[in-house]
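> Take a look and give me a structure for this.
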Amino acid sequence: MKNTNSAKVPEWLKAAVFYQVYPQSFCDTNADGIGDLPGVIAKLPYIRSIGCTAIWLNPVFESPFQDAGYDVADYRRVAARYGTNADLKRLFHRAHKLGLRVILDLVAGHTSVEHPWFKASASPVPNKFTNRYVWAPGDAFFQESKLNIVAGFSDRDNAYVPNYYYFQPSLNYGFARQDQKWQLPPDHPDVLAVREEMKDIMRFWLDRGADGFRVDMAHSLVKNDPDKKETSRFWREVRGMFDADYPEAVLVSEWFNPPVSIGAGFHVDFVPPSGFHRLFRVDPYFRKEGGGDAAGFIGQYGELLKKTSRLGLMSLPTSNHDWCRLTLGRTPQELRVAMAFLLTMPGVPFIYYGEEIGLAHAEVYIAKEGGYSRNGARRPMQWDASKNAGFSSAKASKHYLPLDPSPDRPNVADQDHDPASLLNLVRKLLTLRTDHPALGNCGGFEPVSAEGYPLVYRRRLGEESVLVAVNPSAEPASLRLPAVASLTELLTSCAALCPSGRSSELRMEGLSFGIWSECRRKSKSRPDGRVKTPKE
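Residues are numbered from 1 along each chain as shown. The predicted structure is shown next:
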């Protein structure tokens with residue numbers, strides 16, 4: 001499956017590796033127990049040392065934090081708990097000096113009820129913000145069945161449509177199909193004003209050094225839009241603005257439908273969560289007990305590549321702030337095999353903070369800032385072996401979320417100096433990705449064997465070919481493969497490819513992986529064998 005981007009994709013994105021920073025859990029520099037922007041700035045060299053070239057920063061804007069910042073009260077002001085606008089500009093500047101790009105999290109579909117726009121819109125006295133949000137007549141509370149609505153919230157005799165939680169009212173991008181008189185079309189002047197305002201917000205931060213945006217719930221803008229044509233129309237307008245005025249900036253969507261979102265103008269979209277869960281959560285393929293099936297995911301992934309490869313890129317992340325961490329239910333060796341897979345797949349890698357050291361998922365239920373069960377993936381980063389793991393000098397009771405209480409919890413300082421650590425394996429994998437373009441974001445993807453164990457696939461770009469095999473099962477596995485002229489062992493863990501005549505035998509112990517550079521046979525002569533390099 002050839003992955004040849006012909007659309008306008010910034011050159012840096014074709015080799016980008018993102019590191020997702022959840023700021024309140026990353027590094028606290030002012031002893032209030034909450035991570036902040038100076039803390040992110042202090043750790044930029046570390047992020048670069050992993051091999052990452054870009055950062056996705058979760059929301060840092062003014063908010064009442066009922067949904068951890070995804071309820072914005074001011075798009076143009078950094079929340080005081082994180083720092084100032086000047087701190088964010090300084091982060092952009094320092095990151096750029098280190099060769100890092102920074103994209104911000106844009107909540108485009110809704111705001112907080114505390115946003116001044118909504119307060120004005122909720123007034124019974126008509127004003128320029130009256131139609132800034134989606135409002136239905138008061139009696140729609142008893143009649144409306146297609147939309148969730150919240151009634152009785154203000155003095156205005158209307159009910160508003162929330163986009164997620166009740167305190168996140170939907171901004172009014174119009175209705176693709178108007179079933180009621182109160183539903184505005186996408187070209188209504190008040191709707192167009194919302195769209196222009198969102199573009200101005202993007203310009204505000206791009207002009208100050210941001211390198212783009214990850215857009216939260218990017219599919220959720222226009223209502224009664226089942227095929228997303230009107231929502232896509234808006235994003236294509238935004239993409240046009242980017243291409244014309246900010247050609248190096250990128251748009252990453254939370255849409256989970258790459259053919260639609262990339263067709264709508266996004267540079268990157270994430271694979272559907274069902275695919276991730278099929279690999280790592282629900283009857284997962286990546287488990288030492290075996291019994292999983294990778295064929296369904298590989299087939300789905302291949303189809304998505306075919307539909308998007310000439311337009312943009314996909315991402316299969318290590319996890320994120322809304323999903324369970326990879327560590328949940330897995331041993332350190334299982335994590336190594338999972339990382340070998342995730343960091344050799346095509347598309348743009350997104351490494352969630354702490355995944356590179358095996359930060360544990362918290363299975364204790366905490367309802368902090370609307371996170372509920374999701375807070376298990378949001379515990380503080382662990383930098384060293386000190387009492388508070390280097391996250392904060394504040395008392396533990398003030399920490400944003402509790403630290404991992406385990407006495408053997410992993411940390412960056414210990415793993416940094418351990419050649420066999422997960423952190424240093426991630427570094428090796430990202431170095432391979434840089435040194436071998438076939439393993440990169442735009443390299444081709446050819447499944448070799450996806451039935452049972454092991455999972456084997458080939459990455460190609462130009463004349464380069466790299467073979468990858470992973471065995472997430474605890475049981476040994478083997479496979480007979482056609483021979484190639486020569487093999488160079490790039491990185492292996494308990495795996496070997498042994499040429500024998502016109503075929504090679506792949507031998508894999510349980511919980512193993514292997515990566516080999518191939519030289520394809522050009523004649524019928526016997527293969528030259530393999531050139532060995534040090535094992536991982």
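> give the contact list for Leu467.
Counting by CB atoms under 8 Å, 6 or more residues apart in numbering, Leu467 touches Val448, Val456, Tyr457, Arg458, Leu487, Leu497, Gly514, Ile515, Trp516, Ser517, Glu518. Where you see a C-beta, it was placed from the backbone N, CA and C, and this is true even at glycine.
> Closest one of those to Leu37?
Set against Leu37, the nearest of the contacts of Leu467 by CB to CB is Ile515 (37.1 Å).
> Phi and psi next, for that closest one.
phi -130, psi 120 (degrees, to the nearest 10).
> circling back: helices - which of the contacts of Leu467 land there?
Using DSSP state H to define helices, no part of the contacts of Leu467 is located there.
> Including pLDDT, could these go into a markdown table?
Formatted as a markdown table, the contacts of Leu467 follow (pLDDT from 0 to 100):
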| residue | pLDDT |
| --- | --- |
| Val448 | 96 |
| Val456 | 98 |
| Tyr457 | 98 |
| Arg458 | 97 |
| Leu487 | 88 |
| Leu497 | 93 |
| Gly514 | 98 |
| Ile515 | 98 |
| Trp516 | 97 |
| Ser517 | 96 |
| Glu518 | 93 |
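> Columns neighbour count and distance to Asp74 on top of those, output as a markdown table?
Listed next are the contacts of Leu467 as a markdown table, based on neighbours: other CB atoms under 10 Å; distance: CB to CB, whole Å:
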| residue | neighbour count | distance to Asp74 |
| --- | --- | --- |
| Val448 | 16 | 52 |
| Val456 | 21 | 51 |
| Tyr457 | 23 | 46 |
| Arg458 | 17 | 49 |
| Leu487 | 22 | 57 |
| Leu497 | 22 | 57 |
| Gly514 | 26 | 51 |
| Ile515 | 25 | 47 |
| Trp516 | 26 | 53 |
| Ser517 | 22 | 51 |
| Glu518 | 20 | 54 |
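> just these now: which is nearest Gly312?
Tyr457 (21.2 Å).
> Which residue is the nearest non-sequential neighbour of that closest one?
Sequence neighbours aside, Pro447 is the residue nearest to Tyr457 in space, at 5.1 Å (criterion: CB to CB, 6 or more residues apart in numbering).
> That neighbour and Ile298 touch, don't they?
Yes - at 5.1 Å, Pro447 counts as touching Ile298 under the criterion of CB atoms under 8 Å.
> between those two, who's got more neighbours?
Ile298 (20 against 17; other CB atoms under 10 Å).
> mind listing what the closest residue to that one other than its chain neighbours touches?
Of all residues not flanking Ile298 in the chain, Ala450 sits nearest, at 4.2 Å (CB to CB, 6+ apart). Counting by CB under 8 Å, 6+ apart, Ala450 makes contact with Ala294, Ala295, Ile298, Gly299, Val456, Tyr457.
> if you set the cut-off to 10 Å instead, what comes out?
Counting by CB atoms under 10 Å, 6 or more residues apart in numbering, Ala450 makes contact with Tyr285, Asp293, Ala294, Ala295, Gly296, Phe297, Ile298, Gly299, Tyr301, Gly302, Val456, Tyr457.
> Any of those residues buried? List them.
Buried members of the contacts of Ala450, scored by 16 or more other CB atoms under 10 Å, are Tyr285, Ala294, Phe297, Ile298, Tyr301, Gly302, Val456, Tyr457.
> how far out from the middle of the chain is stretch 285-299?
Between the centre of stretch 285-299 and the centre of its chain there are 22 Å (CA atoms, centre = their mean, to the nearest Å).
> Check stretch 198-209 too.
21 Å.
> Repeat that for stretch 320-335.
Using CA atoms, centre = their mean, the offset of stretch 320-335 from its chain centre is 15 Å.
> Buried ones in that stretch, by neighbour count?
Counting neighbours by 16+ other CB under 10 Å, stretch 320-335 gives Asn320, His321, Trp323, Cys324, Arg325, Leu326, Thr327, Leu328, Arg330, Gln333, Glu334, Leu335 as buried.
> So for the fourth one, what's the nearest residue that isn't a sequence neighbour?
In space, not counting the residues next to it along the chain, Cys324 is nearest to His361; the distance is 5.5 Å by CB to CB, 6+ apart.
> ok, back up a step: let me know the closest of the contacts of Ala450 to Thr431.
Nearest to Thr431 among the contacts of Ala450, with distances taken as CB to CB, is Tyr457, at 20.0 Å.
> contacting residues around the closest one?
Contacts of Tyr457 by CB under 10 Å, 6+ apart are 294, 298, 301-302, 341, 344-346, 445-450, 466-470.
> So which of the residues you listed are in strands?
Counting by DSSP state E, the part of the contacts of Tyr457 found in strands is Phe445, Glu446, Pro447, Val448, Ser449, Val466, Leu467, Val468, Ala469, Val470.
> List only buried entries from those.
Buried among the ones in strands among the contacts of Tyr457 (16+ other CB under 10 Å): Phe445, Pro447, Val448, Ser449, Val466, Leu467, Val468, Ala469, Val470.
> returning to that earlier point: turn the buried ones among the contacts of Ala450 into JSON lines, columns for distance to Gly265.
JSON lines is the format used below for those (distance: CB to CB, whole Å):
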{"residue": "Tyr285", "distance to Gly265": "33"}
{"residue": "Ala294", "distance to Gly265": "31"}
{"residue": "Phe297", "distance to Gly265": "27"}
{"residue": "Ile298", "distance to Gly265": "28"}
{"residue": "Tyr301", "distance to Gly265": "22"}
{"residue": "Gly302", "distance to Gly265": "24"}
{"residue": "Val456", "distance to Gly265": "35"}
{"residue": "Tyr457", "distance to Gly265": "30"}
